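Visitor: Here's my sequence, what's the structure:
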Amino acid sequence: MLTGDARAAFEGKLGLARTVFPYVENHNFYIEHWSMSVFWRKMRELGRVLQEAGFWKQPDDIFYLDRQEVRDALFDYGNAWAVGTDAIGPIHWPPEIERRRKIIAALATQPPQPALNAPPEVITEPFTIMLWGITTESVARWLNGASDKLKLTGMAASPGRVEGRARVIRSAEELDQIKEGEILVAPVTAPSWAPVFGKIRATVTDIGGMMSHAAIVCREYGLPAVTGTGSASSSIKTGQMLRVDGSTGEVTILP
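Guide: Predicted structure coming up:
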């Protein structure tokens with residue numbers, strides 16, 4: 001049914017999808033799920049040991065330390081046991097972790113810098129384009145900033161056009177806040193978010209391309225999706241009315 005340029009564009013994207021798909025699935029399992037799960041479980045076990053020693057409130061607080069600081073905390077813990085004195089950690093780490101927690105919360109309200117150093121003039125790597133939605137045009141748009149504060153542009157990842165109220169979600173712990181008929185706005189989505197796609201009207205993400213999770217699931221559900229906007233989750237506020245056009249890749253914040 002397609003002819004001319006439309007057919008060439010379709011065949012090009014289909015070819016990219018066939019190239020990228022096997023790498024996406026293997027990467028998701030071996031890197032994001034299996035190996036990282038092993039590592040995180042071990043770190044949480046260590047975090048629980050130091051939590052019981054009073055170094056912090058929750059096992060996951062260990063992730064507020066950098067690699068050398070983990071070594072320092074372990075030395076402090078072991079040294080106190082060997083010498084028979086009190087460790088410094090229970091005095092030092094709780095207020096420092098709380099300070100860092102506030103910094104992370106503040107940083108989450110703003111988009112990161114679009115690039116470090118000089119980005120490449122032309123982006124051709126298919127995995128970067130199809131999975132993350134990082135194209136030559138999107139990088140230029142992120143670097144220059146949006147001229148219209150009420151309009152965001154991203155990748156047309158799933159066709160259709162709807163209007164609805166925004167719900168900004170930053171983590172899986174917030175998914176229970178989504179109400180029927182809202183538009184999901186997030187930095188990125190993951191397989192664990194799948195149950196909410198039966199409630200929402202559309203999805204808008206900061207990162208992601210044609211083969212990202214949000215794009216694929218929205219196409220399966222017949223929902224519009226605009227991915228790779230760069231700053232949607234920090235530019236849009238929960239409760240704002242949006243128009244999402246998944247056919248053109250435009251998101252408009254309505255009065």
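
Visitor: Which of the helices or strands spans the most centrally placed residue in the chain?
Guide: Geometric centre of the chain, nearest residue: Val188, 3.4 Å, by CA atoms, centre = their mean. Counting by DSSP states H and E, no helix or strand carries Val188.

Visitor: Would you mind listing the residues in contact with it?
Guide: By CB atoms under 8 Å, 6 or more residues apart in numbering, the contact list for Val188 reads 205-208, 212-214. In this view, the C-beta of every residue, glycine as well, is placed from N, C-alpha and C.

Visitor: Give the phi and psi angles for the closest residue in space to Arg243 that isn't next to it in sequence, as a check.
Guide: Spatial nearest neighbour of Arg243, chain neighbours left out: Thr252 (4.3 Å); criterion: CB to CB, 6 or more residues apart in numbering. Dihedral pair for Thr252: phi -120, psi 130, per degrees, to the nearest 10.

Visitor: Could you tell me which of the contacts of Val188 are located in helices?
Guide: Mapping the contacts of Val188 onto helices (DSSP state H) picks out 213-214.

Visitor: Go through the contacts of Val188 and name the one nearest Arg100.
Guide: Asp206 (22.7 Å; CB to CB).

Visitor: tell me which residues of the host helix or strand of Glu69 are tucked away?
Guide: Using DSSP H and E, Glu69 falls within helix 67-83. Using 16 or more other CB atoms under 10 Å as the test for burial, helix 67-83 gives 70, 73, 76-77, 80.

Visitor: Same question for stretch 133-151.
Guide: 133-135, 138-139, 141-142.

Visitor: Turn those into a markdown table, columns for pLDDT.
Guide: A markdown table is the format used below for the buried residues of stretch 133-151 (pLDDT from 0 to 100):
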| residue | pLDDT |
| --- | --- |
| Gly133 | 83 |
| Ile134 | 85 |
| Thr135 | 87 |
| Ser138 | 85 |
| Val139 | 85 |
| Arg141 | 82 |
| Trp142 | 80 |
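
Visitor: Looking at those, which is nearest Thr109?
Guide: Closest approach to Thr109 among the buried residues of stretch 133-151 (CB to CB): Trp142, at 17.7 Å.
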